[in-house]
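Colleague: Structure for the following, please:
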Amino acid sequence: MSIIGFIGLGNMGSPMVRNLIKAGHSLKVFDLSEEAINFSVQSGALAAKSVREAASGVDFVITMLPVGANVKEVYMNDGVISAADSGTVMIDTSTIDIETAQATYMAAKVAGFDMIDAPVSGGVTGADAATLTFMCGGDKKSFDKAKPILASMGKNIVHCGNAGLGQVTKICNNMLAGINALAAAEAMVMGERLGVSRETLYNVISTSTGRSYIFETSNPMSGVSATSPANNDFKPGFMAKLMLKDLRLSQAAAQSASTSTPLGAVATAAFQQLIENGFGDADTSSIIKVIDPK
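Modeller: Residues are numbered from 1 along each chain as shown. Just a heads-up that it's a prediction; the model follows:
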């Protein structure tokens with residue numbers, strides 16, 4: 001078993017830590033939130049007082065951070081890369097911009113470390129159940145070293161290619177998820193207003209060509225899907241403000257690739273409106289509030 005430093009103990013990071021401990025690994029954790037640290041300590045982790053302490057004396061460093069600027073701050077300058085012992089493998093599971101992922105990977109490589117970017121899909125439910133999908137970018141040697149650790153937190157661990165391509169894959173996935181969430185809301189509201197019950201709409205569409213994972217598991221109308229956050233006042237799940245972050249990443253990536261994403265652009269605008277209306281901390285399925293505010 002390995003000694004792991006884990007930095008970033010939010011809604012995703014905390015259950016990931018618990019599953020690593022369940023798998024027999026020793027965890028040393030750090031977060032800006034003392035409450036989050038204490039929660040992981042109760043699960044069996046040791047508390048680190050700083051990023052540097054979390055990154056030293058460990059076999060692996062795993063980070064789960066909100067945005068690219070946080071990743072730069074944690075890894076660069078006086079952070080993880082300068083504090084880690086020789087042979088430490090670095091795994092960033094954050095969803096961030098491609099350029100930052102590539103720059104961090106190169107800084108780690110120049111310093112002699114193996115590193116991958118490994119953003120996740122599966123949400124809090126997948127993090128709790130250790131069924132996450134990891135989309136990994138980096139050289140194959142680094143991926144092979146990281147894979148056994150990732151297997152304690154997820155079921156689908158995929159090498160997507162060179163550094164940053166894990167982020168590309170995640171951004172494409174979440175752009176599609178955001179579009180699907182908006183489309184599901186449009187279809188359900190339109191059908192119900194035209195006189196079809198929401199139960200009938202759900203039962204028919206979920207067995208027809210309009211079906212999607214988002215439609216079936218996170219349907220924006222309550223009472224039709226047992227797993228939908230709509231049944232629980234849109235408690236996340238995956239917060240709408242995080243979906244907006246990822247959609248904005250998709251639009252920046254599309255611009256850099258000179259590719260057109262008209263549906264991605266519409267979904268981005270819709271989620272921006274949702275956040276402006278005060279639903280940033282609600283589940284992504286609350287996008288229905290843009291279509292049907294009542």
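
Colleague: Write down the beta-bridge partners of Phe6, one by one.
Modeller: Val29, Ile62 (DSSP bridges).

Colleague: any idea how far it lies from Asp31?
Modeller: Phe6 is 9 Å from Asp31, where distance means Cβ to Cβ, to the nearest Å. Placement of C-beta: from N, CA and C, glycine included.

Colleague: next one: Asn203
Modeller: Going from Asn203 to Asp31 by Cβ to Cβ gives 43 Å.

Colleague: more crowded one of these two?
Modeller: The residue with more neighbours, out of Asn203 and Asp31 and counting by other Cβ atoms under 10 Å, is Asp31; that gives 25 against 12.

Colleague: residues in contact with the closest residue to the more buried one other than its chain neighbours?
Modeller: Counting by Cβ to Cβ, 6 or more residues apart in numbering, Leu9 is the residue found nearest to Asp31 once chain neighbours are left out, at 4.0 Å. Neighbouring residues of Leu9 by Cβ atoms under 8 Å, 6 or more residues apart in numbering: 17, 29-31, 33, 36-37, 39-40, 64.

Colleague: Relative to Ala47, which of those is nearest.
Modeller: Each of the contacts of Leu9 was scored against Ala47 by Cβ to Cβ, and Ile37 proved nearest at 5.0 Å.

Colleague: Could I get the contacting residues of that closest one?
Modeller: 9, 29-31, 47.

Colleague: Helix or strand for it, just tell me which one.
Modeller: Ile37 belongs to helix 34-42 when elements are defined using DSSP states H and E.

Colleague: still on that earlier bit, kindly write the PyMOL command that selects the buried subset of the contacts of Leu9.
Modeller: What follows is the PyMOL syntax selecting those of these that are buried according to 16 or more other Cβ atoms under 10 Å:
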select buried, resi 17+29+30+31+36+37+39+40+64
